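J.: Sequence and predicted structure below; questions after.
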Amino acid sequence: MPEGDVVWYTARQLHEALAGRVLTRSDFRVPRYATASLAGQVVTEAAARGKHLLIRTNGGLTVHTHLKMDGFWRVRPAGTPLGEAHKVRLILANDKWQAAGYLLGITELLPASAEHRVTGHLGPDLLGPDWDPDEAARRILAQPGRPIGEALLDQRNLAGIGNLYKAEVLFLRGVSPWRPADEAGDLRALVTLAHRLLDANKARIGQVTTGMTGRGMETWVYGRRGAPCRRCGTPIRKHTGTAAEDRITFWCPNCQR
Ligand SMILES: [Zn+2]
């Protein structure tokens, strides 16, 4: 599942390919914007805001996309044939590059002045210029009895964490995902660790929290159901919630209390 670091990296790729250049073509393959065209406009910026991606133009418009579970972008030289065309939701192209968004969970076009409608609810962005660990901790504590694992995923508290970083930071802090927020220890230290992990991974492909990049070595608990804990050997457990994919978590029942 794409998390804040992946979105940040994607935004940087899109910014390098699109910013400062005139769009020669746009193709929204979602019904609502099927007739929209950005051709002739200059992309001024591609930016990540939590897990949201904003591509702004000099025409005062913002393309808002979200990768959700399966989305991704491919940036290729202009004219390259698209693979898996049926999965494409949006194409933005200039005379040098084409960027294609695949399986995007959200694809919409809005006035830049209305961006707050889609990102205004977000808490401090872990990879943004406004990152503020105290404010993130304050927001989490506003619901003191809520399980900390759930609170970390709530983008209104802090923006950018998904299941992987949630599981990993809680392991590293020795905190059970079900412990109430106000009993989860030093929340400032917890969110600061999340910031460090995302920041360390943002400029590369792959998500590593152990410092080891070898296959199968990248994480402490995420994706390791049944495998021995790297610290104590206890089999890692996986919990799949009743509701959304959002509730999946991995943890060591011995190291995390
Ligand atoms: Zn353990």
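T.: Looks like it arrived, so ask away.

J.: Could you use CA atoms for every contact and neighbour count after this?
T.: OK.

J.: Can you pull out the low-pLDDT segments for the stretch 101-250 of the chain?
T.: The model of the stretch 101-250 of the chain has pLDDT under 70 over residues 242-246.

J.: try 90
T.: Applying pLDDT under 90 to the stretch 101-250 of the chain flags residues 130, 204-206, 213-214, 240-248.

J.: So which bits of it are right by the ion?
T.: Within the stretch 101-250 of the chain, the residues that sit near the ion (CA under 5 Å from the ion) are 229, 232.

J.: Quick one: the helices in the stretch 101-250 of the chain, in order.
T.: 116-119, 133-141, 148-153, 163-173, 187-201 (DSSP state H, counting those that start in this stretch).

J.: Columns mean neighbour count and distance to Glu218 on top of these, output as JSON lines?
T.: Formatted as JSON lines, those follow (neighbours: other CA atoms under 10 Å; distance: least, CA to CA, whole Å):
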{"stretch": "helix 116-119", "mean neighbour count": "13", "distance to Glu218": "31"}
{"stretch": "helix 133-141", "mean neighbour count": "19", "distance to Glu218": "25"}
{"stretch": "helix 148-153", "mean neighbour count": "23", "distance to Glu218": "20"}
{"stretch": "helix 163-173", "mean neighbour count": "23", "distance to Glu218": "10"}
{"stretch": "helix 187-201", "mean neighbour count": "19", "distance to Glu218": "11"}
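
J.: Now those in JSON lines, please, with extra columns for distance to Asp95.
T.: JSON lines is the format used below for these (distance: least, CA to CA, whole Å):
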{"stretch": "helix 116-119", "distance to Asp95": "30"}
{"stretch": "helix 133-141", "distance to Asp95": "42"}
{"stretch": "helix 148-153", "distance to Asp95": "39"}
{"stretch": "helix 163-173", "distance to Asp95": "37"}
{"stretch": "helix 187-201", "distance to Asp95": "31"}
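
J.: Can you name the residues that contact the closest residue to the ion within the stretch 51-200 of the chain?
T.: Closest residue of the stretch 51-200 of the chain to the ion, CA to the ion: Phe171 (8.3 Å). Neighbouring residues of Phe171 by CA atoms under 8 Å, 6 or more residues apart in numbering: 220-221, 251-252, 255-256.

J.: Report the distance from stretch 141-149 to the chain centre.
T.: In this view, stretch 141-149 has its centroid 21 Å away from the chain centroid, taken as CA atoms, centre = their mean, to the nearest Å.

J.: Need the distance between the two termini of that stretch.
T.: This stretch, stretch 141-149, spans 13 Å end to end (CA to CA, to the nearest Å).

J.: cool, and stretch 112-132?
T.: 24 Å.

J.: List the buried residues in it.
T.: 112, 115, 119, 122-128, 131-132 (16 or more other CA atoms under 10 Å).
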